[in-house]
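Trainee: Pasted the sequence and its predicted model underneath.
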Amino acid sequence: MFLLNGVPLPLDTPFKTEDGTSFPANWLRLTTIHEKNAIGITEVPDPEPVVIAPAEPDTEPEVPSE
């Protein structure tokens, strides 16, 4: 994930820097990390996904009697 001034930059989305310089949607994909760092963009690991398991049922299902 890329950050500019602490704000996440989604890939394939145009963005502007604080000084008003505009960058096209593909700029993050086409540049080196050195070019990104030169304008203040940092790369950080993506946050770990939050996995929510389905809730356990409160009771056992009824089994029909024979």
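Mentor: Arrived safely.
Trainee: Quick one: neighbours of the nearest residue to residue 16 once chain neighbours are set aside, just the number.
Mentor: Using CB to CB, 6 or more residues apart in numbering and skipping the chain neighbours, the partner closest in space to residue 16 is residue 22 (5.1 Å). Every C-beta, even on glycine, is put in place using the N, C-alpha and C of the backbone. Neighbours of residue 22 under the rule other CB atoms under 10 Å: 9.
Trainee: show me where pLDDT drops low in the protein?
Mentor: 58-62, 66 (pLDDT under 70).
Trainee: could you pull out the helices for it?
Mentor: With helices called from DSSP state H, the chain shows them at 27-30, 33-38.
Trainee: Turn those helices into JSON lines, including mean neighbour count.
Mentor: Shown next, in JSON lines, are those (neighbours: other CB atoms under 10 Å):
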{"stretch": "helix 27-30", "mean neighbour count": "14"}
{"stretch": "helix 33-38", "mean neighbour count": "12"}
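Trainee: and those helices as CSV, adding distance to residue 56?
Mentor: Shown next, in CSV, are the helices of the chain (distance: least, CB to CB, whole Å):
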stretch, distance to residue 56
helix 27-30, 42
helix 33-38, 45
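Trainee: Going along the chain, name the strands of the protein.
Mentor: Here the chain has its strands, by DSSP state E, at 2-4, 7-9, 15-16, 22-23, 41-43.
Trainee: Show me the one of the ones you listed that comes nearest residue 33.
Mentor: Nearest to residue 33 among these is strand 41-43; the distance by CB to CB comes to 6.3 Å.
Trainee: what helices or strands is that closest one leaning on?
Mentor: Strand 41-43 is packed against strand 2-4, helix 33-38, with contacts defined by 3 or more CB pairs under 8 Å, 6 or more residues apart in numbering; DSSP states H and E.
Trainee: list the contacts for the closest residue to residue 46 other than its chain neighbours?
Mentor: In this structure, residue 46 finds its nearest non-sequential neighbour in residue 1, 5.0 Å apart by CB to CB, 6+ apart. Taking CB atoms under 8 Å, 6 or more residues apart in numbering, we find residue 1 in contact with 8-9, 43-47.
Trainee: Thanks a lot, see you next time.
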